[in-house]
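>>> build the 3D model from these lines:
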Amino acid sequence: MAEYGRIVGIDVGTKWIGLARTDLLKTVANPIGTYHVDDVFEALEEQVENENVEKIVVGWPLTPEGGEGRAIKMVEEFLTKLEAQFPDIEIAKIDERYTTKEAVRAMVEAGVPKMKRRESDRVNQAAAAIILQKYIELVKADNVRITDRYV
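All right, here's what the predicted structure looks like:
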């Protein structure tokens, strides 16, 4: 693994998918956009080709109790396509419970007007950044290599 590279975070939805990426030192996650499900793989291809992406982290939609809910099947199908398109990039899953609520709360704290907070593109990319930041913090807290896998 190169010393400098990026990790891409993904918040998978039924129609819209939020993307985020780290800085080159893999310390901070920043939202990069929200894409329709039909366009997200093109956007991911662009990131992989131009941004030295070393890993992709996908939000895993557990229920509040920690079980696998209805959304798991949708994310599993997305993961199958992702692994087929990017066979040389490690893909990790991380618990995404409450990330949408955290994204909305962060926008409130940042002063984003209520009407703009309702726009799903803002929420999806903010949730992707939160998923990715959680992954970074897990890795840091556990003092493990960034290549280890979390579920």
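
>>> would you map the helices across this protein?
Using DSSP state H, the helices of the chain run over residues 40-50, 71-85, 99-109, 114-117, 120-142.

>>> give the ranges of residues in the chain that sit below the confidence cut-off.
For the chain, the stretches flagged by pLDDT under 70 are 1-3, 98-99, 101-104, 106-110, 112-121, 142-151.

>>> on that earlier part again, ranking the helices of the chain by burial, who's on top?
Ranked by mean neighbour count under mean count of other Cβ atoms under 10 Å, those are led by helix 120-142, which reaches a mean of 21. C-betas here are computed from N, CA, C, even on glycine.

>>> C-alpha coordinates for it, PDB please?
Only the C-alpha atoms of helix 120-142 are listed here, as PDB (Å, rounded to 0.1, in the frame of the first residue of the first chain):
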ATOM      1  CA  SER A 120     -31.200  14.400  -0.300                       C
ATOM      2  CA  ASP A 121     -28.000  15.100  -2.200                       C
ATOM      3  CA  ARG A 122     -26.600  17.000   0.700                       C
ATOM      4  CA  VAL A 123     -27.600  14.400   3.300                       C
ATOM      5  CA  ASN A 124     -26.300  11.500   1.300                       C
ATOM      6  CA  GLN A 125     -22.800  12.900   0.800                       C
ATOM      7  CA  ALA A 126     -22.700  14.100   4.400                       C
ATOM      8  CA  ALA A 127     -23.600  10.600   5.500                       C
ATOM      9  CA  ALA A 128     -20.900   9.100   3.300                       C
ATOM     10  CA  ALA A 129     -18.400  11.500   5.000                       C
ATOM     11  CA  ILE A 130     -19.600  10.400   8.400                       C
ATOM     12  CA  ILE A 131     -19.300   6.700   7.500                       C
ATOM     13  CA  LEU A 132     -15.800   7.300   6.300                       C
ATOM     14  CA  GLN A 133     -14.800   9.400   9.300                       C
ATOM     15  CA  LYS A 134     -16.100   6.700  11.600                       C
ATOM     16  CA  TYR A 135     -13.900   4.100   9.800                       C
ATOM     17  CA  ILE A 136     -10.800   6.300  10.100                       C
ATOM     18  CA  GLU A 137     -11.500   6.800  13.800                       C
ATOM     19  CA  LEU A 138     -12.000   3.100  14.300                       C
ATOM     20  CA  VAL A 139      -8.700   2.300  12.700                       C
ATOM     21  CA  LYS A 140      -7.000   5.000  14.700                       C
ATOM     22  CA  ALA A 141      -8.600   3.900  18.000                       C
ATOM     23  CA  ASP A 142      -7.800   0.300  17.500                       C
END
